[in-house]
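# based on what follows, work out the 3D shape:
(2 chains)
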Amino acid sequence: MRSVLIVLRKELRENLRDRRTLVSALLFGTVLMPLLVAVLVNLTVHRTQEQDNKSVTLAVVHGERAPNLLAYLRQYRIDVLASDLDDAAARAAVHRQRFHMVLWIPDNYASQLSAGMPAPILLYSDSSDAAAGNDLGRVRAVLGQYGFGIARLRLMARGVDPTVLSAIAVQDIDVATPTSRSVLILGTLTAIILMTMLMGGLHIVLDATAGERERGSLEPLLTTPVRREQLIYGKILAACVFMLISLSLSVCVMALALRHAGLDRLGMNQNMSVATVLKMIASCAPLAPLGASLMTIVAAFTRSYREAQTYVGLILALPTFPLIFAGALGLQPTAWLMMVPALSQHFMLMGLLRAEPVAAWYVALSVSVTLLLGVLAALAAGRLYHREKLLG
Amino acid sequence: MIEARHLHKRFGAITAVQDVSLTAGDGRITGLLGPNGAGKSTTLRMLYTVLQPDSGDAFIDGISTAERSLDARRRMGVLPHGAGVYPHLTARENIQYFGALHGLDRSDCEQRAAQMIELLEMADFADRQAKGFSQGQRLKTALARALVHGPQNILLDEPTNGLDVMAVRNLRALLLKLKATGRCILFSSHVMQEVSAVCDEVVVIAAGKVVACGTPEELRARAGTADLEEAFVRFLESAGRD
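Numbers count the residues shown, from 1 in each chain, chains lettered A, B, ... in the order given. Purely as a prediction, here's the structure:
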C-alpha cells in the first residue's frame, strides 16, 4: 500500500506541473464544455418560449384579390406583407430565403370562389429550409381552416349538415411537457459531464503508461522492489484523482451556467443547490476507477504514445453509447439498467437535474456495481503489466 | 555478487540468449562485451528481473531472481539502456522517488539523494526540472537514482552511449570508486577500449553465447595477440565459424 501511495504522490506532483495534463483535465472540461452547453441550452429555451407567440410573416402577391382571406390570416397572427413579385421572382425569393414563404393569388381566385368552384392559391416554400418548417405548417393549417369554413357555409346554404364532412374526428392530445421536451438536452448534458470526467484522466494515463515506456523510465521503474500491479494501481489512482477534479470543476461550472438559463421552462431543477451539485459529483465519481482502468488496459496493448492516444481516446466515447440507446428507446431506470455503467450515472444525473431522484436502492446498486467493475478492471490492468512485451 | 547459470531466452523464433553463464564478483568490475545484438541487454534484463529466463537461473548475492525477485531487486542498482528520467520532476525529486520505492523513509531519502548529488557533482542542476537536461545530466540523474539505496550490485547497460569524453572519464572514475568500496559492478558495452580501461574481468558474448571470458591479460594470451581489440575480433570470428 505504501508503494501505491508513493507512485500516486509522484504522478500527481509531476502531472500538476505538466501543462498538457492541466489543459485536458482542467481547461477543456471546466471552461469549454459547460460554456458550449450553456449556449445550447439558452438557445433552446428561448426558442421553445418564442415559438408559441411569435407571429409569422407571409409575403402575399395580389392580396387585393382576396381581402377576406388576408383578414382571416391576420386574425391568426400571420403578418401579411404586400408584394409584387412575378412567378420567377417569387421562386427566387424563397430559394434565396428572402422570404420563407410567398402566397400568390391568381386573377381567377375571386371568380372561382363566387362560382363555388375550387379557388386556386399558390404557396411557394422551400422544404429544405428547416427554419421555415414550423411557420409553413401554421400557414397551411390556417389556410385549410379558412377553406373548410367556407365549405361548411356552402353546405349549410344547400341545406346539408356540415358534420357529414367530418367522418373522423381526430383529437390531438399533446402531452409534451417542458420536462419531456428537455430530455434531449439533459441527455447531452450527462454525456458531456461523463466525457469531461474521463478526459480529466486521459493524459495522466497516457503519460504513466505509453509515455513512461517511450521515455525509457519504465524499465528502471520495474527494477525497483515494488510489485508491478502496485505501480499500476498507483497510476490508476492518480488518474482517478484527476478525473474527480475535472468532474467537480465541470459540474460546478455547469451549475453556475445553468442557473442563468431559465431552466424551470425545461423542467430542470432550477435551484441547482450545493447539495444537488454534490450529489451529481457523487453519482459520477464511482465511474472514475472503471474509466481509468479501461484506459490503462487499452494503453497496455499499444506500442507508442501516439497509438495509445488514438485508442485510449476511444474510451472517451464509450459512455455515450448507452446514452444514445437510452435516448432512442426512451429507457426508464430498471434494476438491470442500473447495473450498466454510464447509463446508471445518466439516470441519476437526470433524476437530480429534474428534481425526480431515482430510488435509493437504485443508487446503491449503481454505485456498487460500477465500483466492482472498476476494481475488476484494475486487477486486469495489474495483470497485463506483468507481460514482458510491455517493455516494447 | 552476480551469478548467471545456463540462461536461455527466446523471442518467438529468435534465440536471443543461449546457455549464458557468468559470475561477477564483489570488488570487481566485470565487462559484458559483444557486438550489437549479441544478447547483452537480454542477459542483463534477465539478471535485473524484468525478463524471465526460459530456463536457467540467476542469483544476486545468492538470492534467486526467480523465487525472490523483490529481494534480489533490493540488492541491485540498475541503469538500463537509454534510461529516461521524469521531465517534470527535478533531478533531486527523480532520485528521491526511487529512494522511496526502495523503501527508504523520507529523511533517509533526502539524505541519500543529497549524497548522490554531491558524489556525482550534480549540485548546479539538482533542483531544476529534468526536461531541459543534457545527455550527461540525464545520465547522472539516472545513475544517482540507481544508486540511491546503496546497492551492493550495480548493473549498467551501455552506460557510456552518447556521452562525451569528459563524461566517460567521470563515469569510469565513479565505477572505480564504487569498486574500491567492495561493490560488484557488471556493465555491458560494445566498445573495446572502454572495457579494457576499467574491467577486471571480461565476458565476451556473440550471437547469444559466451565465447570467451577471463581477465584482459588472459584473453590476450588465449587469442595469441597483444592487442585486446584484435583478441576480441578473433573471438568473434571463431564464434562465427561454429
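
# show me the contacts for the residue in chain B positioned nearest to chain A.
Residue of chain B nearest chain A, by Cβ to the nearest Cβ: residue B:84 (3.3 Å). No exception for glycine: its C-beta is placed from N, CA and C like everyone else's. Residue B:84 sits next to A:215-217, A:220, B:138, B:142 when contact means Cβ atoms under 8 Å, 6 or more residues apart in numbering or on different chains.

# near chain B, which residues of the stretch 151-300 of chain A show up?
When proximity is defined by Cβ under 8 Å from any Cβ of the partner chain, the stretch 151-300 of chain A lies next to chain B at A:215-217, A:219-227.

# just checking, which of those residues belong to helices?
Among those, the members found in helices (DSSP state H) are A:215, A:219-222.

# distance from the chain centre to the helix or strand containing residue A:244, please.
Assessed by DSSP states H and E, residue A:244 sits inside helix A:228-259. Relative to its chain's centre, helix A:228-259 lies at 22 Å (Cα atoms, centre = their mean, to the nearest Å).

# and that helix, what other elements does it pack with?
Contact analysis of helix A:228-259 by 3 or more Cβ pairs under 8 Å, 6 or more residues apart in numbering or on different chains; DSSP states H and E lists helix A:2-16, helix A:33-53, helix A:183-206, helix A:218-222, helix A:274-284, helix A:287-300, helix A:360-384 as its packing neighbours.

# so which bits of whatever helix or strand comes next after the second one are buried?
Just to be clear, that refers to helix A:33-53. Proceeding N to C from helix A:33-53, the next assigned helix or strand is strand A:56-61, under DSSP H and E. Of the residues in strand A:56-61, A:56, A:58-61 count as buried by neighbour count, 16 or more other Cβ atoms under 10 Å in any protein chain shown.

# taking the residues you listed, tell me the two that lie furthest apart.
A:56 and A:61 (16.8 Å; Cβ to Cβ).

# and the strands in chain B?
For chain B, the strands defined by DSSP state E occupy B:2-11, B:14-24, B:28-33, B:55-60, B:63-64, B:76-79, B:153-157, B:184-189, B:201-206, B:209-214.

# what about dumping the CA coordinates of the longest helix along chain B to PDB?
Of all the segments of type helix in chain B, defined by DSSP H, the longest one is helix B:165-180. This file holds the C-alpha atoms of helix B:165-180, laid out as PDB (Å, rounded to 0.1, in the frame of the first residue of the first chain):
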ATOM      1  CA  VAL B 165      34.900  12.200 -23.400                       C
ATOM      2  CA  MET B 166      34.800  14.000 -20.100                       C
ATOM      3  CA  ALA B 167      31.600  12.400 -19.000                       C
ATOM      4  CA  VAL B 168      33.000   8.900 -19.900                       C
ATOM      5  CA  ARG B 169      36.100   9.700 -17.800                       C
ATOM      6  CA  ASN B 170      33.900  10.800 -14.800                       C
ATOM      7  CA  LEU B 171      31.900   7.600 -15.100                       C
ATOM      8  CA  ARG B 172      35.000   5.500 -15.200                       C
ATOM      9  CA  ALA B 173      36.300   7.200 -12.100                       C
ATOM     10  CA  LEU B 174      33.000   6.600 -10.300                       C
ATOM     11  CA  LEU B 175      33.000   2.900 -11.200                       C
ATOM     12  CA  LEU B 176      36.500   2.600  -9.800                       C
ATOM     13  CA  LYS B 177      35.400   4.400  -6.600                       C
ATOM     14  CA  LEU B 178      32.500   2.100  -6.200                       C
ATOM     15  CA  LYS B 179      34.700  -0.900  -6.800                       C
ATOM     16  CA  ALA B 180      37.000   0.300  -4.100                       C
END
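
# so the residue lying closest to residue B:209 once chain neighbours are set aside versus residue A:84, what's the distance?
Among residues not flanking residue B:209 along the chain, residue B:18 sits closest, at 5.2 Å (Cβ to Cβ, 6 or more residues apart in numbering or on different chains). Applying Cβ to Cβ, to the nearest Å, the value for residue B:18 to residue A:84 is 98 Å.

# what is the neighbour count of the residue nearest to residue B:209?
Counted with other Cβ atoms under 10 Å in any protein chain shown, residues neighbouring residue B:18 total 17.

# let's see the pLDDT reported for it.
Here the pLDDT value assigned to residue B:18 is 92.

# ok, residue A:29 next?
Residue A:29 is given a pLDDT of 66.

# how about the contacts made by residue A:108?
Applying Cβ under 8 Å, 6+ apart, one finds that residue A:108 lies in contact with A:119-120.

# so the chain: which segments form each domain?
Here I'm looking at chain A. A:2-47+A:179-391, A:54-170 (automatic domain parsing).

# meant chain B actually
Per the record, chain B has its domains at B:2-75+B:153-241, B:83-151, by automatic domain parsing.

# which stretch in the ones you listed has the least confidence?
domain B:2-75+B:153-241 (a mean of 89).

# relative to the whole chain's centre, how far out is that one?
Distance of domain B:2-75+B:153-241 from the chain centroid (Cα atoms, centre = their mean) equals 8 Å.

# for the longest helix of chain B, packing partners?
Short answer (3+ Cβ pairs under 8 Å, 6+ apart): helix B:165-180 packs on strand B:28-33, helix B:135-147, strand B:184-189, helix B:192-198.

# now with 7 Å, please.
Counting contacts by 3 or more Cβ pairs under 7 Å, 6 or more residues apart in numbering or on different chains; DSSP states H and E, helix B:165-180 packs against strand B:28-33, strand B:184-189, helix B:192-198.

# need the contact partners of it.
Applying Cβ atoms under 7 Å, 6 or more residues apart in numbering or on different chains, the contact partners of helix B:165-180 are B:27-29, B:136, B:154, B:159-160, B:163, B:185, B:197-198.

# in the sheet, who's paired with the residue nearest in space to the middle of chain B?
Chain B has residue B:156 as the residue nearest its centroid, 1.8 Å off, counting by Cα atoms, centre = their mean. Under the criterion DSSP bridges, residue B:156 forms beta bridges with residue B:79, residue B:187.

# how much space between it and residue B:197?
Residue B:156 is 14 Å from residue B:197, by Cβ to Cβ.

# how about residue A:327?
72 Å.

# low pLDDT regions in the stretch 151-300 of chain A?
A:171-184, A:260-271 (pLDDT under 70).

# same thing but 50
Under the criterion pLDDT under 50, no range of the stretch 151-300 of chain A is flagged.

# ok, now which ones touch the residue nearest to residue B:220 when sequence neighbours are not counted?
Once flanking residues are discounted, residue B:220 sits nearest to residue B:231: 5.2 Å by Cβ to Cβ, 6+ apart. Neighbouring residues of residue B:231 by Cβ under 7 Å, 6+ apart: B:219-220, B:223, B:225.

# just send the helices and strands packed on helix A:228-259 back as JSON lines, with distance to residue B:149 and mean neighbour count too.
Shown next, in JSON lines, are the helices and strands packed on helix A:228-259 (distance: least, Cβ to Cβ, whole Å; neighbours: other Cβ atoms under 10 Å in any protein chain shown):
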{"stretch": "helix A:2-16", "distance to residue B:149": "13", "mean neighbour count": "19"}
{"stretch": "helix A:33-53", "distance to residue B:149": "45", "mean neighbour count": "15"}
{"stretch": "helix A:183-206", "distance to residue B:149": "27", "mean neighbour count": "24"}
{"stretch": "helix A:218-222", "distance to residue B:149": "13", "mean neighbour count": "23"}
{"stretch": "helix A:274-284", "distance to residue B:149": "41", "mean neighbour count": "18"}
{"stretch": "helix A:287-300", "distance to residue B:149": "28", "mean neighbour count": "26"}
{"stretch": "helix A:360-384", "distance to residue B:149": "24", "mean neighbour count": "17"}
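
# mind checking which of those helices is nearest residue A:316?
Of all the helices and strands packed on helix A:228-259, helix A:183-206 sits nearest to residue A:316, with 5.2 Å by Cβ to Cβ.
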